[in-house]
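Asks: Here you go, sequence then predicted model.
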Amino acid sequence: MGFFKTLFGGGVSDPVEEQKKQIQKEFEILKYDGIRARRMHRMDYARKCFEEAIKLQDDFETYAQLVQLLFETGDFQAALEPLDHMAKAEPHIAETFISLATVHFMLENYQEMADNAQLAIDKAPDNVQAYYLKGKAMQGLAQEDEAVNLFTKAIDLQNDFAEALLLRGQIYLRQAKLTEALADAEAEIASGKEVESGLLLRGSVKEVENQPEDAEADYRQVLELDPFNQQAYIYIGKLYLKKERYADAIGVMDDAIEMSPVFAQAYEVRAEAKRLAGDDEGAAKDATAAANLKAASEVTSEVVDPAASIKEIDILHL
């Protein structure tokens, strides 16, 4: 029988080749099933597909799909291993090191973040995001002058880079470089990107310059753009506290709490306003409500700008 198969071209199949073909087939099924499942938001199944696929074949694209899924599901710690593998497999790709820097930022590993951002800079000296991420890492390491230098490089490469303008402006404000901080706020507003954050920054500069009416006007403009901007409510409320306008502060916080009954920081500000106005009972009630809301969730109801933490943004109002 083997003779006739050979004679008429059937041949004897190579078991090694057949096994390779089978593995390739299984890999492709797993990979593309994973891609389809991810698009359908079946994340657990997609993750299993990708993890099984890379056991069969060391495929950069599949690793990238897995990393993207881990980003989307917030499992940043798990993303480190596949990203490290990708960095070793294709060390010339700057985007891998940018992704690593981003993961380390989410994990608050600021030195590792800085190291990976620098590797991205080394491989792509014109990559704006790499300078921005290293600047954020320097902030995390309390090296603000170096952070300013890096944000400046990013802005030199892209003059309407709103996030970098915001963070540099915040540092300038903390350093009492008000002219520079105001210029960055104005540039951010003019860029048309992150306008609300730019207005909050400009208003904060105006507060330091003892121009409370102008500061309030900027905060009010934020609410015109976004009536649900919680930071603007807090900024206005605390501005009123500084000016001993306690009834006005209570009124603004009433509006904020009506907008969001779980807005813990609004209860805190209202409690302070009531205490200063002599309403100890009302203050105690609001303070308890704030504490209960914070205890109920590890995440407070404050809205945070994507470019920075609330600590970075709320310069005047901590």
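Replies: Here it is on my side, so go on. Numbers count the residues shown, from 1 in each chain.
Asks: What number of residues are in the vicinity of Asp156?
Replies: 12 (other Cβ atoms under 10 Å). Glycine gets a C-beta too; all of them are placed from N, C-alpha and C.
Asks: now this protein, which segments are flagged as low pLDDT?
Replies: 1-13, 297-318 (pLDDT under 70).
Asks: Where is the longest helix in it?
Replies: helix 15-39 (DSSP state H).
Asks: following that helix, which helix or strand comes up?
Replies: Using DSSP states H and E, the helix or strand that follows helix 15-39 towards the C-terminus is helix 43-56.
Asks: Run the angle between that following helix and helix 15-39 for me.
Replies: 160 degrees (axes from the mean of the first three to the mean of the last three Cα atoms, to 10 degrees).
Asks: related to what we said a few turns ago, contacts for the longest helix of the chain?
Replies: 43, 45-50, 52-53, 56-57, 59, 61-62, 65-66, 68-69, 72 (Cβ atoms under 8 Å, 6 or more residues apart in numbering).
Asks: Select only the buried ones of these in ChimeraX?
Replies: To isolate the buried subset of these in ChimeraX, counting by 16 or more other Cβ atoms under 10 Å, use the following:
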select :46,47,49,50,52,53,56,59,62,65,66,69
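Asks: Report how many residues lie close to Glu108.
Replies: Other residues close to Glu108 by other Cβ under 10 Å number 9.
Asks: swap in the one 5 residues further on?
Replies: Residues within reach of Met113, counting by other Cβ under 10 Å, total 25.
Asks: That one reaches Leu133, doesn't it?
Replies: Yes: here Met113 reaches Leu133: they are 6.7 Å apart, a contact under Cβ atoms under 8 Å.
Asks: Which residues are in contact with each of those two?
Replies: Ala101, Thr102, Phe105.
Asks: didn't the first one look like it was pressed against Asn116?
Replies: So that's Ala101. Yes: contact criterion Cβ under 8 Å: Ala101 and Asn116 qualify, at 4.1 Å.
Asks: Same list (the shared contacts of Met113 and Leu133) but as CSV, adding secondary structure.
Replies: Converted to CSV, the shared contacts of Met113 and Leu133 look like this (DSSP: H, G, I helix; E, B strand; the rest coil):
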residue, secondary structure
Ala101, helix
Thr102, helix
Phe105, helix
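Asks: which of those residues has the most neighbours?
Replies: Busiest of the shared contacts of Met113 and Leu133 [other Cβ under 10 Å] is Ala101, holding 28 neighbours.
Asks: Now do the helix or strand in which Lys153 is found: which elements does it pack against?
Replies: Assigning secondary structure by DSSP H and E places Lys153 in helix 144-157. Contact here means 3 or more Cβ pairs under 8 Å, 6 or more residues apart in numbering; DSSP states H and E; on that basis helix 144-157 packs against helix 128-140, helix 162-174.
Asks: will you turn those helices into TSV that also has distance to Glu188?
Replies: Output for those, formatted as TSV (distance: least, Cβ to Cβ, whole Å):
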stretch	distance to Glu188
helix 128-140	14
helix 162-174	4
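Asks: can you list the domains in the protein?
Replies: Here the domain parsing of the chain from automatic domain parsing is 15-75, 233-304.
Asks: For the last one, what is the distance to the chain centroid?
Replies: What that stands for is domain 233-304. 26 Å (Cα atoms, centre = their mean, to the nearest Å).
Asks: circling back to that earlier point, can you mark which positions in the longest helix of the chain are buried?
Replies: For helix 15-39, using 16+ other Cβ under 10 Å, the buried residues are Phe27, Leu30, Lys31, Asp33, Gly34, Ile35, Ala37, Arg38.
Asks: Tell me the secondary structure at the closest residue to Met259 other than its chain neighbours.
Replies: The shortest distance from Met259 to any non-neighbouring residue, by Cβ to Cβ, 6 or more residues apart in numbering, is to Phe228 (6.2 Å). The three-state assignment at Phe228 reads coil, by three-state DSSP.
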